[in-house]
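Q: Sequence below, structure please.
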Amino acid sequence: MAITAKDIASIFTGMDLGAEKIAGNFNKLLEENIGQDDQLDTLNNKTLQVGNFIGKDNPDLNNITMGAHNFGFWEDGKVPANSNWPKTMQGNVGWGLILQLGNGTGSKVQLICAAGGWMFMRIYAGSVWDKWTIVQTKYEQ
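A: Okay, the predicted model is just below:
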C-alpha cells in the first residue's frame, strides 16, 4: 500500500505537535502502511540509506556502507594526508556528500560532491579501489 499525502498529514493531527506525538504518529503510519505489506525489508534494502557522518574521527573511505554520507573536515581536523581521500583534498578543509553504490566485496562506486564545485569518483573492482578521478564540472554562465 502506498503512503499518500493524507497519510503524511495524519502525522500532525490533533495539533499536539510535540516530538513524541509526531514520532508516535509516524511509527503508526509506517506500521500500518509498510509493515502490513511486508515492505519494510524492501524499503531497507532497495532505497538509498543515509549513513554516518564522516570526519576527523572516522575518515576511512574504504569501509563505508552503501548510501549517502555527509562529511566535513575543518581547521582542527583537515582531510588526512596520505589517506584514501583524493589527493586534491588531502591536507585541506572540505565538506559535502559521499555517495556509495554497492557493498561488500563486489563492485562499488564512490562519488564525492564537495564544496567549491569539486566532484571525484572511484571504482572498486576485483579486490582494489581504483585511483580517484576528477569529474569535470562546468558552471553556468
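Q: where does the protein have its least confident helix or strand?
A: Within the chain, no helix or strand scores below helix 40-46, which has a mean of 49 by mean pLDDT, DSSP states H and E.
Q: continuing past that one, what's the next helix or strand?
A: strand 67-73 (DSSP states H and E).
Q: From the contact counts, what lies against the helix or strand that that following strand is followed by?
A: Counting by DSSP H and E, the next helix or strand C-terminal to strand 67-73 is strand 94-101. Packing partners of strand 94-101 (3 or more Cβ pairs under 8 Å, 6 or more residues apart in numbering; DSSP states H and E): strand 67-73, strand 108-114. Backbone N, C-alpha and C define where each C-beta goes, glycine included.
Q: and the angle from the last one to strand 94-101?
A: Regarding strand 108-114 and strand 94-101, their directions subtend 160 degrees when assessed with axes from the mean of the first three to the mean of the last three Cα atoms, to 10 degrees.
Q: Could you point out the helix or strand that follows strand 108-114?
A: That would be, after strand 108-114 and using DSSP H and E, strand 118-125.
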